[in-house]
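> requesting a structural model of the entry that follows:
(one chain, ligands or ions: 1)
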Amino acid sequence: MTRDAERTMQFLFALRSAGVTDPRVLSAMERIDRALFVRGVFAARAYEDVPLPIACGQTISQPSVVGLMTQALDVSPRDKVLEVGTGSGYQAAILALLARRVYTVDRFRSLVMQARTIFEALGLHTITALVADGSHGLPDQAPFDRILVTAAAEDPPGPLLAQLRIGGIMVLPVGQSDTVQTLLRVTRKGERAFDYDELRPVRFVPLVEGLGQD
Ligand code: SAH
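So this is what the prediction gives:
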């Protein structure tokens, strides 16, 4: 077996061991090379199941957490998805293989520009990456079938709940930013009816209001 094939097998094994079993999610994660989204010395660790530092003091999430969040989002090929927290662009690239359209926003311009370059190189033309404060959502494109937030808020932001289509699902980490947070799945049952499922403990960088300097 080649070194690449062995790495891929270990990567997929780690995902399965962590509970990522949806074949569509596993196949999307097999197709998107995480090493493209990690720079410099950390690129060598891209296939390990660990979060890694990216620019602007942010992190690319642990692959098993990306897998579990994507699986919990239950994306279908007709869905329009909003991701808050583009970061490296890795999660958005995976969503793009599962959904019809992906909007992803980050408060750091440099992260958005970098992610756009990678999406272009991969031919992922259904992703629109924008510089915006995602705590307000993306009102121009609402409603969304699915919303994925990859930074932690104390509570689900009201504008995001409002921009979720009835029947839609949002997955997000909630809790104090300096402690372990809880991964929450919110299902919108009706105009004012939301179901909340607590999935597992996670640790994310905080959702910060306003645009960043870089
Ligand atoms: N999904 C990313 C990892 C996200 S790290 C990946 O696949 O690599 C969290 C990201 O959320 C950071 O890039 C941070 O800048 C961004 N973020 C934090 N608060 C935000 C806000 N209010 N609006 C938009 N992005 C925000």
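> any regions of the protein where pLDDT drops low?
177 (pLDDT under 70).
> all strands of it, in order?
Assigned by DSSP state E, the chain shows strands spanning 52-53, 59-60, 80-84, 101-106, 127-131, 144-149, 164-174, 181-188, 194-202.
> redo the ones you listed as JSON lines? Include distance to the ligand and mean neighbour count.
For the C-beta atoms, the positions are set from N, CA and C on the backbone; glycine is no exception. Converted to JSON lines, the strands of the chain look like this (distance: least, C-beta to the nearest ligand atom, whole Å; neighbours: other C-beta atoms under 10 Å):
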{"stretch": "strand 52-53", "distance to the ligand": "9", "mean neighbour count": "16"}
{"stretch": "strand 59-60", "distance to the ligand": "4", "mean neighbour count": "20"}
{"stretch": "strand 80-84", "distance to the ligand": "5", "mean neighbour count": "25"}
{"stretch": "strand 101-106", "distance to the ligand": "4", "mean neighbour count": "26"}
{"stretch": "strand 127-131", "distance to the ligand": "8", "mean neighbour count": "19"}
{"stretch": "strand 144-149", "distance to the ligand": "8", "mean neighbour count": "25"}
{"stretch": "strand 164-174", "distance to the ligand": "10", "mean neighbour count": "21"}
{"stretch": "strand 181-188", "distance to the ligand": "12", "mean neighbour count": "19"}
{"stretch": "strand 194-202", "distance to the ligand": "12", "mean neighbour count": "13"}
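> closest to L36 out of these?
strand 59-60 (10.8 Å; C-beta to C-beta).
> tell me which parts of the chain are close to the ligand?
58-61, 84-85, 87-88, 90-91, 105-108, 111, 133-135, 150-151, 205, 207-209 (C-beta under 6 Å from any ligand atom).
> again, only this time at 8 Å
Selection of the chain residues close to the ligand by C-beta under 8 Å from any ligand atom yields 37, 54, 56, 58-61, 66, 83-92, 104-108, 111, 132-135, 150-151, 204-210, 212.
> find the residue at the geometric middle of the chain.
Centroid-nearest residue in the chain: Q91, 4.1 Å away (criterion: C-alpha atoms, centre = their mean).
> quick one, what contacts the closest residue to that one other than its chain neighbours?
Excluding its sequence neighbours, the residue lying closest to Q91 (C-beta to C-beta, 6 or more residues apart in numbering) is V66, at 5.5 Å. Contacts of V66 were listed using C-beta atoms under 8 Å, 6 or more residues apart in numbering, and they are 29, 90-91, 94.
> what's the closest of the residues you listed to L172?
Q91 (12.5 Å).
> my read: the closest one touches S61, true?
Yes - if you go by C-beta atoms under 8 Å, Q91 and S61 touch, sitting 6.8 Å apart.
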